[in-house]
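Student: How does the following fold in three dimensions:
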Amino acid sequence: MDIVSIALQRYSTKAFDASKKLTADEAEKIKTLLRYSPSSTNSQPWHFIVASTEEGKARVAKSAAGGYVFNERKMLDASHVVVFCAKIAMDDAWLEKVVDQEDADGRFATPEAKAANHKGRTFFADLHRKDRQDDHEWMARQVYLNVGNFLLGVGAMGLDAVPIEGFDADVLDAEFGLKEKGFTSLVVVPVGHHSVEDFNKSLPKSRLPEETVITEI
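Tutor: Now for the predicted structure:
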């Protein structure tokens, strides 16, 4: 697989073909992509809602009412819609959940290695939640790492997708009780196959010149 070719070919899909659905295998693979994204110190401060039923997609699309109605059809017509959610605050229980899972997965040869790993992750968590007091922003950045990884991954699978920030997060959070669970919605990503009506499919990609965005030293 030539990952550079995938980066050059993928694009933000503006219209989906509602008749085309992901296969069961593809549906499982997109969940794997979500789980295996990198994050700072492997903190994984996220949760995902994956909607594939008409009812589920309609619940997500409630957030596209009013001023965001231009995104409603994308959410309704895509095969699957993924809501990327970030933790609101980093807590000790989450840090322990992560290190215990790492232990269960065999990452530590000794109890001392586990303790050292936990201490290191807690150091960075405290840097943001205590010193800088920006842990919510820190965790949101990890979710955006996941979004980028996900978009490239689904592109490599031959699927179409579009990241959407144009939705009412308060509506979406309330619909799924996210705040009560300690999360908030950040990005909605419909995934499926583009429609013949998707004008963006045939347009050339446009990016700033290399000399504008890259400095080699």
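
Student: then the top strand by length along the chain to PDB, C-alphas only?
Tutor: Longest among the strand segments of the chain by residue count, using DSSP state E, is strand 183-192. Taking Å, rounded to 0.1, in the frame of the first residue of the first chain, the C-alpha atoms of strand 183-192 are listed here in PDB:
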ATOM      1  CA  PHE A 183     -17.500  13.200  27.800                       C
ATOM      2  CA  THR A 184     -18.400  15.800  25.200                       C
ATOM      3  CA  SER A 185     -18.700  15.500  21.400                       C
ATOM      4  CA  LEU A 186     -16.100  17.100  19.200                       C
ATOM      5  CA  VAL A 187     -16.300  15.800  15.600                       C
ATOM      6  CA  VAL A 188     -18.800  13.800  13.600                       C
ATOM      7  CA  VAL A 189     -17.500  11.700  10.700                       C
ATOM      8  CA  PRO A 190     -20.000  10.100   8.300                       C
ATOM      9  CA  VAL A 191     -18.400   7.100   6.400                       C
ATOM     10  CA  GLY A 192     -19.700   5.300   3.300                       C
END
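
Student: and it, what does it pack onto?
Tutor: helix 72-77, strand 80-87, helix 135-156, strand 160-161, helix 169-175 (3 or more CB pairs under 8 Å, 6 or more residues apart in numbering; DSSP states H and E). In this view, the C-beta of every residue, glycine as well, is placed from N, C-alpha and C.

Student: Check what contacts the helix or strand following it and list those residues.
Tutor: Later in the chain than strand 183-192, the nearest helix or strand by DSSP states H and E is helix 210-213. Residues from elsewhere that reach helix 210-213 (CB atoms under 8 Å, 6 or more residues apart in numbering): R207.

Student: what's the residue closest to the geometric middle of this protein?
Tutor: V147 (3.6 Å; CA atoms, centre = their mean).

Student: contacting residues around that one?
Tutor: Applying CB under 8 Å, 6+ apart, the residues near V147 are F84, P163, V187, V189.

Student: any idea how far the closest residue in space to the third one that isn't next to it in sequence lies from R121?
Tutor: Read that as V187. Nearest non-adjacent residue to V187, counting by CB to CB, 6 or more residues apart in numbering: F84, 4.3 Å away. Applying CB to CB, to the nearest Å, the value for F84 to R121 is 22 Å.
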